[in-house]
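Colleague: build me a structure from this.
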Amino acid sequence: MKFSKFGQKFIQPTGISQLMDDLGDALKSDQPVNMLGGGNPARIEAVNELFLQTYQALGNDGSFREDINSTATSSMANYSNPQGDAGFIDALVGFFNRHYDWNLTSENIALTNGSQNAFFYLFNLFGGAFTDEQNESVDKSILLPLTPEYIGYSDVHVEGQHFTAVLPHIDEVTHNGEEGFFKYRVDFDALENLPALKEGRIGAICCSRPTNPTGNVLTDEEMAHLAEIAKRYDVPLIIDNAYGMPFPNIIYSDVTLNWDDNTILCFSLSKIGLPGVRTGIIVAAPEVIAAVSAMNAVVNLSPTRFGASIATPLVENNAIKDLSDNDIKPFYQQQAKTAVTLLKKELGDYPLVIHKPEGAIFLWLWFKDLPISTSELYETLKEKGTLIVPSEYFFPGVDISDYKHAHECIRMSIAADKDTLTKGIAVIGEVVRGLYDGAK
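Modeller: Numbering: from 1, shown residues only. Modelled structure (predicted):
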């Protein structure tokens, strides 16, 4: 069977396909697996209870039935238009204007089938082949101002990969008075001197906040500087808020969320505990929303309405924000504290440095001068029933062949229960100690 170039691209092994395959295989395994590798959110009792109540209410109010007399726009007996469920969009407009005073209208919001779907659209809208004012072809890249970045970005372009990325400043920091932590910061000198930026070969700037995989949270000053650069070069700033404000709000530092016509904000219902409903949210200028809606029509006909139906009342009454602030964020903050304590116990005398936990549902671990690459470490840990994700996948747009740091880190999920965290970290500790000891 012969595939097109498009098909050939998507059947190649990728980091995201390996990650999802491993998660699926682990769920089917008859052997216990310490699931520290994926991005699945934790099971939080208060979260699950609220979603169950909302789901049951949907069944009781006729949302699952086509009723000619019903005014419920969340009825799943009908397609939405390609922009997405109108009732949910109106609820989001009210929510964002209520909390942030952005003066949005329904023309500023579109829904997608998950944020991965959203980034497929956005990166292909702003990265790839362009025709310039002289009618000549120009290849434009998505600029990632701080790597490492999200594994799922790497392969979403229809043709090739169109990324330009900047390596970080690495600062040693303390956390809660303890040594053994570091933090990534944007290297603005390198960023501002990128030839691709000066030569008009950048189509958009994109960052996640908090960052998947590291849990890094870009400061307000860094965000303002990125926004200024984006406006100066007339490109949009895309911000991935999958773990950020206002929901699920897994951010521990004091930061603000801003929006303007040159900013594209992306949100998701996944990390509040609804990954299976595949609902992404894009807030942007009307011309971007119109383009995304047109892509939805071709690719999906329309976005799924199930997530919108569940989330609409929670957005209207602010329960989604209360849940994020009072249950989801504190849960992960405690998980991070527990995981750090376990890691220090297992590897406190070894060259482990942890990225300062500032948000998201992961810890980013740096094993300085590890005798093997973390891709090899991943395979060893997998054989021992513990899944993590190696760092090599998180550097799109960078040649990491000579960048040692990119081969010495792992992403570890902290969403698992305490027993799984304890067992998984014990395996990591045993294997890593053996590697360092054997290299002496």
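Colleague: just the buried positions in the helix of greatest length in the chain, please.
Modeller: Of all the segments assigned as helix in the chain under DSSP state H, the longest by residue count is helix 418-438. Buried residues in helix 418-438, counting neighbours by 16 or more other CB atoms under 10 Å, are found at Thr420, Leu421, Thr422, Lys423, Gly424, Ile425, Val427, Ile428, Gly429, Val432, Leu435, Tyr436. Backbone N, C-alpha and C define where each C-beta goes, glycine included.
Colleague: save those residues as TSV, and put in distance to Ala196 and pLDDT too.
Modeller: Output for the buried residues of helix 418-438, formatted as TSV (distance: CB to CB, whole Å; pLDDT from 0 to 100):
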residue	distance to Ala196	pLDDT
Thr420	43	95
Leu421	41	97
Thr422	46	97
Lys423	45	97
Gly424	40	97
Ile425	40	98
Val427	42	98
Ile428	38	98
Gly429	42	98
Val432	38	98
Leu435	38	97
Tyr436	39	97
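Colleague: closest to Arg98 out of those?
Modeller: Leu421 (37.1 Å; CB to CB).
Colleague: number of residues surrounding the residue lying closest to the closest one once chain neighbours are set aside?
Modeller: Setting aside the residues directly before and after it, Leu421 is nearest to Ala339 in space (CB to CB, 6 or more residues apart in numbering), at 5.8 Å. Burial measure for Ala339: 25 neighbouring residues, criterion other CB atoms under 10 Å.
Colleague: quick one: Ala339 is in a strand?
Modeller: No. Judged by DSSP: H, G, I helix; E, B strand; the rest coil, Ala339 forms no part of a strand; its state is helix.
Colleague: measure it to Asn296 for me?
Modeller: Plainly put, Ala339 is 38 Å away from Asn296 if you go by CB to CB, to the nearest Å.
Colleague: now Phe181
Modeller: Remark: distance between Phe181 and Asn296 (CB to CB) = 42 Å.
Colleague: Glu222 too?
Modeller: Going from Glu222 to Asn296 by CB to CB gives 32 Å.
Colleague: so Phe181 and Asn296 - more neighbours on which side?
Modeller: In this comparison of Phe181 against Asn296, neighbours counted by other CB under 10 Å, the higher total goes to Asn296 at 23 against 18.
Colleague: by contact count, what packs against the helix or strand that one falls within?
Modeller: Element membership of Asn296 [criterion: DSSP states H and E] is helix 286-299. Helices and strands touching helix 286-299, by 3 or more CB pairs under 8 Å, 6 or more residues apart in numbering; DSSP states H and E, are strand 109-112, helix 115-126, strand 280-283.
Colleague: try 7 Å this time
Modeller: strand 109-112, helix 115-126 (3 or more CB pairs under 7 Å, 6 or more residues apart in numbering; DSSP states H and E).
Colleague: and the longest one, how far out from the chain's middle?
Modeller: For helix 115-126, the distance between its averaged C-alpha position and the chain's averaged C-alpha position is 13 Å (CA atoms, centre = their mean, to the nearest Å).
Colleague: ok, now the first one?
Modeller: Computed by CA atoms, centre = their mean, the chain-centroid distance of strand 109-112 equals 17 Å.
Colleague: on that earlier part again, what's the closest of the helices and strands packed on helix 286-299 to Phe88?
Modeller: Closest to Phe88 of the helices and strands packed on helix 286-299, according to CB to CB: strand 109-112, at 6.8 Å.
Colleague: so where's this structure uncertain?
Modeller: Under the criterion pLDDT under 70, the flagged ranges of the chain are 13-31, 59-76.
Colleague: mind listing the helices for it?
Modeller: Residue ranges of the helices in the chain, as given by DSSP H, are 5-10, 15-28, 45-60, 86-100, 115-126, 188-192, 195-198, 220-232, 286-299, 306-316, 319-323, 329-347, 374-383, 418-438.
Colleague: in the third one, which residues are buried?
Modeller: By neighbour count, and taking 16+ other CB under 10 Å as the criterion, the buried residues in helix 45-60 are Val47, Leu50, Phe51, Thr54, Leu58.
Colleague: before we move on, what about the first one?
Modeller: Along helix 5-10, these residues count as buried under the neighbour rule (16+ other CB under 10 Å): Lys9.
Colleague: who touches it?
Modeller: Among residues not part of helix 5-10, those counted as contacts by CB atoms under 7 Å, 6 or more residues apart in numbering are Val158.
Colleague: can you list the domain ranges for the chain.
Modeller: According to automatic domain parsing, the chain comprises the domains 12-45+323-438, 86-318.
Colleague: for the last one, the distance to its chain's centre please.
Modeller: In terms of CA atoms, centre = their mean, the centre of domain 86-318 is set 9 Å apart from its chain centre.
Colleague: end to end, how far does it reach?
Modeller: Terminal residues of domain 86-318 lie 18 Å apart, using CA to CA, to the nearest Å.
Colleague: over to stretch 194-204?
Modeller: 14 Å.
Colleague: give me the buried positions along that stretch.
Modeller: Leu194, Leu197, Arg201, Ile202, Gly203, Ala204.
Colleague: picking up where we left off before, which ones are touching the residue nearest to Leu421?
Modeller: Leu363, Ile414, Leu421, Ile425.
Colleague: same thing but 10 Å
Modeller: Counting by CB atoms under 10 Å, 6 or more residues apart in numbering, Ala339 touches 36, 354, 357, 362-363, 365, 412-414, 416, 418, 421-422, 424-425.
Colleague: same deal with Cys409?
Modeller: The neighbourhood of Cys409, defined by CB under 10 Å, 6+ apart, consists of 148, 213-214, 353, 355, 364-368, 370, 374, 389-392, 394.
Colleague: among the residues you listed, name the ones in strands.
Modeller: Using DSSP state E, the subset of the contacts of Cys409 located in strands is Val353, His355, Trp364, Leu365, Trp366, Phe367, Val389, Pro390.
Colleague: just the buried ones from those, in PyMOL syntax?
Modeller: The command below creates a PyMOL selection of those among the ones in strands among the contacts of Cys409 that count as buried (16+ other CB under 10 Å):
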select buried, resi 353+355+364+365+366+367+389+390
